[in-house]
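In: Need a 3D model of the sequence below.
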Amino acid sequence: MKKIILTAVTAFGILLGTAPAMATESISSLRGDQDLKADAQEADKKKQVSKKGGFERSYKQQPPMVPHSIEKDKINLKGNTCLKCHSKATAKKEKAPVVGDSHFLTRDGKTQEKLSSRRYFCNQCHAPQVDASPLVRNDFAGAK
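Out: Just a heads-up that it's a prediction; the model follows:
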């Protein structure tokens, strides 16, 4: 029992000894030195990146990233401009990838002629890319 108490006291002493060193280390947030009560500064608008042939995927079954600008495209209940190029009827003529078969399945797994309402809003999964520096250090390496 004495060994346990001695070990606990020693560990506590070491912790107290390193606490001042840890306290002097400055911590900064992505917000920088801006006061939390102040309104956030609007981020600079980044230019969307186009890449012929598309972007490499980071993991299996990852939805492809959008390799072109979509700033002028609109997806709403009345229409989806992605389908001007990516529908089965126009993809070959536009030299664009066709919408995947999985996008025509109902939640019960039945194939339908029209695009599933669950897959209609393309930019829920397919994200455009911008030329931006990482906000924090990232050592992520995707699957090959």
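
In: what are the ranges of the strands in the protein?
Out: All strands of the chain, identified by DSSP state E, fall at 75-76, 79-80.

In: Ok, which of the ones you listed comes nearest residue 105?
Out: Proximity to residue 105 (Cβ to Cβ) singles out strand 79-80 among those, at 17.3 Å. In this view, the C-beta of every residue, glycine as well, is placed from N, C-alpha and C.

In: who does that closest one pair up with?
Out: Partner strands and pairing direction for strand 79-80 (DSSP bridges) are strand 75-76 (antiparallel).

In: any residues touching the partner strand, and which ones?
Out: Residues from elsewhere that reach strand 75-76 (Cβ atoms under 8 Å, 6 or more residues apart in numbering): 81-82, 120-123.

In: gap between the two ends of stretch 120-139?
Out: End-to-end distance of stretch 120-139 (Cα to Cα, to the nearest Å): 33 Å.

In: Buried ones in it, by neighbour count?
Out: Buried positions in stretch 120-139, judged by neighbour count with 16 or more other Cβ atoms under 10 Å: 120, 122, 128-129.

In: which residues touch it?
Out: Against stretch 120-139 from outside (Cβ under 8 Å, 6+ apart): 30, 46-49, 51, 55, 63-70, 75, 80, 82.

In: before we move on, the earlier item: between the buried residues of stretch 120-139, which is closest to residue 42?
Out: Nearest to residue 42 among the buried residues of stretch 120-139 is residue 128, at 19.1 Å by Cβ to Cβ.

In: How about that closest one: what's its closest non-neighbour residue?
Out: The shortest distance from residue 128 to any non-neighbouring residue, by Cβ to Cβ, 6 or more residues apart in numbering, is to residue 66 (4.3 Å).

In: Now do that neighbour: how many residues are near it, please.
Out: Counted with other Cβ atoms under 10 Å, residues neighbouring residue 66 total 21.

In: Residue 82 now?
Out: The burial count for residue 82: 21, using other Cβ under 10 Å.

In: just the buried members of the contacts of stretch 120-139?
Out: Neighbour counting by 16+ other Cβ under 10 Å classes 49, 65-68, 70, 75, 80, 82 among those as buried.

In: ok, which pair from the residues you listed is furthest apart?
Out: 49 and 80 (22.2 Å).

In: For the chain, just list every one of the helices.
Out: Remark: helices assigned in the chain by DSSP state H are 2-24, 83-86, 91-94.
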